[in-house]
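Colleague: quick one: sequence and predicted model below, then my questions.
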Amino acid sequence: MSEQLRDQVRARYAAAALKVSSGGGGCCGPSACGPVDVEEPGFGAVAYSSGERAELPVRAVEASLGCGNPLAVADLRPGDVVLDLGSGGGIDVLLSARRVAPTGKAYGLDMTEEMLALASENARAAGATNVEFLKGHIEAIPLPDDSVDVVISNCVINLSVDKPAVFAETFRVLRPGGRFGVSDVVAEDHLSPADRAERGDYVGCIAGALSFSEYRAGLIAAGFTDVEITPTHEVADGMRSAIIRAVKP
């Protein structure tokens, strides 16, 4: 079942990337991952300021599928090494690369060939030289231990079929003192997994979402401290987009 879900996620985001690459405009139309139903620019792009969007190639903006703006809380500094889990068309990688330049670097990790191709094209269009896109799964990050200062993600961890592995891998690649700052969809604690499934499907970022308590417990079990979960806007009844912060001691 987990591989079936992963294949469904991959197929959906491959189609999104191909639509943008073919000049079809905004990726996918309405989605539970976005705060509003818009298609131009990509519905996830509304979480970014006009100034941030202006920094980027139009196809990076059109490919934005997230539920927030993790860069607003990631506290990026020049020289940082940043990893974006589920980097998609590269919007957060490219914005991060500018903030950590000239000596820092931004990695993007994605499992979808079509998204990786689009992100690489966007990086070339942006003239970004301190970025690298990696193919792989967020449950098995292809980077060494203690190699990253900041991990960001935008409405992707809820799509994972093995969230404890994501938290453990994130903890592994972060250096001591490293920061975790992501946007994600989180369920209110009273909602059961069945309740969440009633509100939306897995690939729509709803059915696979953790509750507030589950998210906190998962990060703590992986070794994180200073866990903060701040809800932002409602995406379905009892389901909220949230900013999640934590620190590796």
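Modeller: It's in. Predicted model, so just to flag it, every value in this text is computed and none were measured.

Colleague: for R6, grab the count of nearby residues.
Modeller: 18 (other Cβ atoms under 10 Å). All C-beta spots, glycine's among them, are computed from the backbone N, C-alpha and C.

Colleague: so it is in contact with V161, correct?
Modeller: Yes. Using Cβ atoms under 8 Å, R6 is in contact with V161, at 5.5 Å.

Colleague: so which elements touch the helix or strand hosting V235?
Modeller: In this assignment (DSSP states H and E), V235 forms part of strand 225-236. Under the contact criterion of 3 or more Cβ pairs under 8 Å, 6 or more residues apart in numbering; DSSP states H and E, strand 225-236 touches strand 174-187, helix 212-222, strand 239-247.

Colleague: how does it look with 10 Å?
Modeller: Under the contact criterion of 3 or more Cβ pairs under 10 Å, 6 or more residues apart in numbering; DSSP states H and E, strand 225-236 touches strand 174-187, helix 193-199, helix 212-222, strand 239-247.

Colleague: got the angle between the first one and helix 212-222?
Modeller: Spelled out, it's strand 174-187. Computed with axes from the mean of the first three to the mean of the last three Cα atoms, to 10 degrees, the direction of strand 174-187 lies at 160 degrees from that of helix 212-222.

Colleague: name the residues of strand 174-187 that are buried.
Modeller: Buried residues in strand 174-187, defined by neighbour count with 16 or more other Cβ atoms under 10 Å: L174, G178, R179, F180, G181, V182, S183, D184, V185, V186, A187.

Colleague: buried residues, the strand holding V235. List them.
Modeller: Buried, per 16+ other Cβ under 10 Å, within strand 225-236: V227, I229, T232, V235, A236.

Colleague: find the residues that touch each one of R6 and V161.
Modeller: Both R6 and V161 are contacted by H137, E139, Y202, under the criterion Cβ atoms under 10 Å, 6 or more residues apart in numbering.

Colleague: PyMOL command for the buried members of the residues you listed?
Modeller: The PyMOL selection below is limited to those of the shared contacts of R6 and V161 classed as buried (16+ other Cβ under 10 Å):
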select buried, resi 137+139+202
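
Colleague: now render the shared contacts of R6 and V161 as CSV, adding pLDDT.
Modeller: Shown next, in CSV, are the shared contacts of R6 and V161 (pLDDT from 0 to 100):
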residue, pLDDT
H137, 96
E139, 97
Y202, 80
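
Colleague: and the lowest mean pLDDT element among the helices and strands of the protein?
Modeller: helix 58-62 (a mean of 51; mean pLDDT, DSSP states H and E).

Colleague: tell me the mean pLDDT over the strand holding V235?
Modeller: The average pLDDT for strand 225-236 rounds to 93.

Colleague: also stretch 189-197?
Modeller: 94.

Colleague: could you work out the end-to-end span of that stretch for me?
Modeller: End-to-end distance of stretch 189-197 (Cα to Cα, to the nearest Å): 14 Å.

Colleague: mind listing what's buried in that stretch?
Modeller: Quick answer for stretch 189-197 (16+ other Cβ under 10 Å): L191, D195, R196.

Colleague: check stretch 77-91 too.
Modeller: D80, V81, V82, L83, D84, L85, G86, S87, G88, G89, G90, I91.

Colleague: wait, which of these is closest to G104?
Modeller: Comparing the buried residues of stretch 77-91 against G104 with Cβ to Cβ places D80 closest, at 4.6 Å.

Colleague: report the contact partners of that closest one.
Modeller: With Cβ under 10 Å, 6+ apart, D80 has these contacts: 74, 96, 99-100, 103-106, 148-150, 178-179.

Colleague: if any of these are buried, give me the ChimeraX selection for them.
Modeller: What follows is the ChimeraX syntax selecting those of the contacts of D80 that are buried according to 16+ other Cβ under 10 Å:
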select :74,96,99,100,104,105,106,148,149,150,178,179
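
Colleague: quick revisit: can I get the buried residues of strand 225-236 in TSV with distance to E113?
Modeller: Shown next, in TSV, are those (distance: Cβ to Cβ, whole Å):
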residue	distance to E113
V227	34
I229	33
T232	31
V235	28
A236	30
